[in-house]
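> Predicted coordinates and the sequence they were generated for:
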Amino acid sequence: MKRFTDFSKEQKVLDGDKVKLDLILNQEIKITGYSIKKSKYSKNESGDYLTVQFEMNDNKQIFFTGSEILIEQFNKYGDEIPFIAIVKKINRYYTLT
């Protein structure tokens with residue numbers, strides 16, 4: 001018998017405790033999932049926002065951002081998930097290292 005998850009095209013729901021991105025800067029986190037969607041309140045050029053699911057200290061958490069750099073990095077490297085990364089703020093933008 002098939003399982004629904006074997007054939008479902010539905011995007012997996014990202015769950016976890018919501019945290020502000022600035023609270024996890026410069027700390028290693030394990031990225032476990034992400035999604036990019038159109039924002040109702042576009043604050044960037046693309047109109048997209050990013051949701052990132054991660055684990056830190058054995059806690060599942062998520063953060064949201066409209067950072068164009070992070071969105072580009074997840075579009076480019078999202079297939080590599082899961083991976084360990086550090087989110088850094090350089091001047092006025094965020095990036096993965």
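On my side now, so go ahead. Numbering: from 1, shown residues only.
> which element follows the longest strand seen in the chain toward the C-terminus?
In the chain, with assignment by DSSP state E, the single longest strand is strand 28-38. As assigned by DSSP states H and E, the chain's next helix or strand after strand 28-38 is strand 48-56.
> Chain neighbours aside, what residue packs nearest to the most centrally placed residue in the chain?
Central residue of the chain (CA atoms, centre = their mean): V52, 1.8 Å from the mean position. Spatially, and ignoring its direct neighbours in sequence, V52 is nearest to Y34 (5.0 Å; CB to CB, 6 or more residues apart in numbering). For glycine as for every other residue, the C-beta is placed from the backbone atoms N, C-alpha and C.
> My guess is that neighbour contacts G78. True?
Yes. Between Y34 and G78 there is a contact under CB atoms under 8 Å: 5.8 Å.
> So these two - more neighbours on which side?
Per other CB atoms under 10 Å, whichever of Y34 and G78 has more neighbours is Y34, with 20 against 16.
> Fine, thanks again, bye for now.
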